[in-house]
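> Sequence and predicted model, in that order:
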Protein chains: 2
Amino acid sequence: MRAKELMDKNFVYLNCEDDVIEVSKVMEEIRRFTCPVVNDNKQLVGWITSFDITRGLREGNGKISEIMSGYEEVATVHEDDPARKAVILTANNKFVTVPVVNDDNQIVGMVRACDIVELLSELYDIKVEKLYKAMQNQLKGVTWEELMSASAIVSTKTTGQKITAEEYEANIVSATFGEAIWSTGGLEKFFAGLISVGEMVIARRVGRARK
Amino acid sequence: MRAKELMDKNFVYLNCEDDVIEVSKVMEEIRRFTCPVVNDNKQLVGWITSFDITRGLREGNGKISEIMSGYEEVATVHEDDPARKAVILTANNKFVTVPVVNDDNQIVGMVRACDIVELLSELYDIKVEKLYKAMQNQLKGVTWEELMSASAIVSTKTTGQKITAEEYEANIVSATFGEAIWSTGGLEKFFAGLISVGEMVIARRVGRARK
């Protein structure tokens, strides 16, 4: 995924000559704590945060150019950079927004922390049941009942807590991937458990075929 | 994971009587766009954003109580709520911060969008190699070479692009889980591919055992 696929193309930008009081009203209205400042060619020349605005209002500054951070202080990502670069910048620097530029240093979008949260959390919200359905689909000839039965056996063996196939099924119908990796102790362990289930159903299938 | 395990316990809170100008300086200094307002018992009574501050400065308000949002307008999570509740609030409402309260409605921490990004992105950054190692560990008696060989065959079959076991290994050593699910088209597909690899190495092992 590229930065341009994650960015919000709908954003407000400011000019150096804009009036601080007017900008403060605009930022309140659109509810943005940060805004890029651009030149006539839409190239990034500065950055405004609500902190610059409150300072500007207190000190009676008139123009955005008097209070903005300069271009060289703004961390940007290129539109073709991996989206991950914007994610790392956000996490490491506690940013709420990272501006996205093109080859001409024109600003083309904004990657926002809340949008990253939305994107990343989608993965966590995938139902575990979907993974089991993918597994069943992959392992041709294995029934859902066989899969649940093997899962209950593996789970009982791993956790030491007895669970029936029916109870196991009820669990995975409601559980999300995020809950599953949290409760099993991480992605690798969750994954190892699933491989173990796969191994068992394959072994049983082979056993049946031999009879 | 509970909200209290994700929240930042280090935060600044305001009182109703605080001076708007002084608060604006504090928020600039600590670089926070939002702050909770509490009573003497540290119970949440209101919420301040930089938008309230800029409006207050423009309109000459003196006290925080004159410009804050009331308690009933603030979305909170309880410290024992699942962390996921704060994540959903952040994603759905574009919040930068969600306050965390205890049974007495005292504020005990703040869940911040940037911290959520950091937490969620850890999963995406897990090396794919680790999952293969977990798989090898689970499937006793399967060598790393057999695993890579089976993976290359499955990959060639799935994508139509020929890849050797050595090339496959080079790929997974550098790839992260996030990149892998993105390039295969989602968690279920990535997972189905791994099951397919597991199936092949098990079938080969059974084949060897029969000879």
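Ah, there it is. Residues are numbered from 1 along each chain as shown, chains lettered A, B, ... in the order given.

> Tell me where chain A has strands.
Using DSSP state E, the strands of chain A run over residues A:34-38, A:44-49, A:69-70, A:77-78, A:97-101, A:107-112.

> if you look at the third one, does any of it touch chain B?
Going back to what we said before, that points to strand A:69-70. No - contact between strand A:69-70 and chain B is absent, the nearest approach being 12.5 Å (criterion: CB under 8 Å from any CB of the partner chain). No exception for glycine: its C-beta is placed from N, CA and C like everyone else's.

> Quick check: the residue in chain A positioned nearest to chain B vs B:Met27, distance?
Residue nearest to chain B within chain A (CB to the nearest CB): A:Ser50, separated by 3.3 Å. Applying CB to CB, to the nearest Å, the value for A:Ser50 to B:Met27 is 8 Å.

> How about A:Met1?
Distance from A:Met1 to B:Met27, by CB to CB: 34 Å.

> These two: who's more crowded?
A count of neighbours by other CB atoms under 10 Å in any protein chain shown puts B:Met27 above the other of A:Met1 and B:Met27, at 22 against 14.

> Thought A:Thr158 was touching A:Gly193, still the case?
Yes - using CB atoms under 8 Å, A:Gly193 is in contact with A:Thr158, at 6.4 Å.

> so A:Phe95 makes contact with A:Thr76?
No - if you go by CB under 8 Å, A:Phe95 and A:Thr76 don't touch, sitting 11.0 Å apart.

> for the record, mean pLDDT for the lengthiest helix in chain A?
Longest helix in chain A, counting residues (DSSP state H): helix A:187-210. Across helix A:187-210, the average pLDDT comes to 83.

> Now for the closest residue to A:Ile202 other than its chain neighbours: which residues touch it?
Among residues not flanking A:Ile202 along the chain, B:Ile202 sits closest, at 5.1 Å (CB to CB, 6 or more residues apart in numbering or on different chains). Residues in contact with B:Ile202, defined by CB atoms under 8 Å, 6 or more residues apart in numbering or on different chains, are A:Gly198, A:Glu199, A:Ile202, A:Ala203, B:Leu139.

> Now that we have those residues, can you turn them into CSV and tack on distance to A:Trp144?
Compiled in CSV, the contacts of B:Ile202 are given as follows (distance: CB to CB, whole Å):
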residue, distance to A:Trp144
A:Gly198, 14
A:Glu199, 18
A:Ile202, 16
A:Ala203, 18
B:Leu139, 23
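
> how about the nearest residue to A:Glu73, chain neighbours excluded?
Closest to A:Glu73 by CB to CB, 6+ apart is A:Trp47, at 6.9 Å.

> er, A:Val87 actually
Closest to A:Val87 by CB to CB, 6+ apart is B:Ser121, at 5.1 Å.

> Isn't the one you found up against A:Ile88?
Yes - shown here, B:Ser121 and A:Ile88 form a contact pair, counting by CB under 8 Å, at 7.4 Å.

> Give me the common contacts of A:Ser50 and B:Met27.
In contact with both A:Ser50 and B:Met27: B:Phe33, B:Ser50, B:Ile53, using CB under 8 Å, 6+ apart.

> Tell me how far the second one lies from B:Ala3.
Okay, so that is B:Ser50. 24 Å.

> what do you get for the last one?
In this structure, B:Ile53 and B:Ala3 are 27 Å apart, going by CB to CB.

> and the two? which has more neighbours close in?
Counted by other CB under 10 Å, B:Ile53 and B:Ala3 do not tie: B:Ile53 has more neighbours, with 30 against 25.

> distance of that one from B:Lys63?
Distance from B:Ile53 to B:Lys63, by CB to CB: 12 Å.

> Tell me the residues that contact both of those two, please.
B:Val20.

> List the residues that contact the residue nearest in space to the middle of chain A.
Taking CA atoms, centre = their mean, the centroid of chain A lies closest to A:Leu120, which sits 2.1 Å from it. Residues in contact with A:Leu120 (CB under 8 Å, 6+ apart) are A:Val87, B:Val117, B:Leu120, B:Ser121, B:Tyr124.

> Now for the second one, how many residues are close by?
As a burial measure, B:Val117 scores 28 neighbours (other CB under 10 Å).

> for it, what are its contacts?
B:Val117 neighbours (CB under 8 Å, 6+ apart): A:Val87, A:Thr90, A:Ala91, A:Ala113, A:Ile116, A:Val117, A:Leu120.

> quick one: contacts for the third one?
Put plainly, it is A:Ala91. B:Cys114, B:Val117, B:Glu118, B:Ser121.

> Test my guess that the first one contacts A:Val98.
In this case it means B:Cys114. No - using CB under 8 Å, B:Cys114 is not in contact with A:Val98; the gap is 11.0 Å.

> more neighbours, those two?
A:Val98 (27 against 20).

> who's in contact with that one?
A:Ala75, A:Thr76, A:Val77, A:Ala86, A:Leu89, A:Thr90, A:Met110, A:Val111.

> So in terms of bridging, what pairs with the last one?
Applying DSSP bridges to A:Val111 gives these bridge partners: A:Val98.

> show me the contacts for it.
Contacts of A:Val111 (CB under 8 Å, 6+ apart): A:Ala3, A:Leu6, A:Met7, A:Asp8, A:Val77, A:Ala83, A:Ala86, A:Thr90, A:Thr97, A:Val98, A:Pro99, A:Val100.

> same question, the second one
By CB under 8 Å, 6+ apart, the contact list for A:Thr76 reads A:Leu44, A:Val98, A:Pro99, A:Val100, A:Val101.
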